[in-house]
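Enquirer: Here's a sequence, model it:
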Amino acid sequence: MTLKQYKKVRILIVIVISIVFSQSIMYGNYLIPIVVLIASSLLLMKIRSGIKEIMADERDYATGGKAASLVIQVYSWLATIAMFLLYSFRGMNPFYESVAVTLAFSTCFLMILYGLIFRYYNSFSLTNKKTLYSIVALLIFLAMVVFGLRLFSGEDNWICKDGQWIKHGNPSFDTPKTICK
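Expert: So this is what the prediction gives:
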């Protein structure tokens, strides 16, 4: 297969994926898009391995690495700012706190994952004490996250049932101001 044919097949696969995603979301089936996404990724990798032409050079990879690093930094800053803003407005709507915490944890996860992958590609070694301490610190952090999620889970919350807000446990905030549907 030539590079031109591969690009056409890739566009066709993207079109099929978008149709499957939109139809699945309309019908409330969220398992099919995951299966289709995995299958199409495997298919594209198989087709790509058969291409003999040059698809990218070192300059493309270097530019991609710089762009990825910048995107991670920009996302981290924007998510952190949004997290603080949403957290500060949690008194108006307690759901803002959930969104803020989700942004905070997703940003932390992204930064940790980026650091680990960067370390791996930059000759990862467990014999280095600094690397070993970093892994131990990461494991302690992950244990704290799991403990924090368990401790601050939504056991004490308001639940919408039959158009009424019903107290579940002992919530630390007043009845939500939003309409219960």
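
Enquirer: ok, now which ones touch the residue sitting nearest the centre point of the chain?
Expert: Among the residues of the chain, the one closest to the centroid is residue 106, at 6.0 Å (Cα atoms, centre = their mean). Residues near residue 106 by Cβ atoms under 8 Å, 6 or more residues apart in numbering: residue 79. Where C-beta positions appear, they are placed from N, C-alpha and C, glycine not excepted.

Enquirer: so residue 159 sits in a helix?
Expert: No - applying DSSP: H, G, I helix; E, B strand; the rest coil, one finds residue 159 to be strand, outside a helix.

Enquirer: and it, what are its bridge partners?
Expert: Beta-bridge partners recorded for residue 159 (DSSP bridges): residue 166.

Enquirer: Show me how the protein divides into domains.
Expert: The chain resolves into domains spanning 3-49, 61-152 when parsed by automatic domain parsing.

Enquirer: With distance to residue 173 and mean pLDDT as extra columns, can I get the ones you listed in a markdown table?
Expert: Shown next, in a markdown table, are these (distance: least, Cβ to Cβ, whole Å; pLDDT from 0 to 100):
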| stretch | distance to residue 173 | mean pLDDT |
| --- | --- | --- |
| domain 3-49 | 30 | 89 |
| domain 61-152 | 5 | 83 |
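
Enquirer: Tabulate these in TSV, adding columns for distance to residue 174.
Expert: Shown next, in TSV, are the domains of the chain (distance: least, Cβ to Cβ, whole Å):
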stretch	distance to residue 174
domain 3-49	33
domain 61-152	9
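
Enquirer: Lovely, talk soon.
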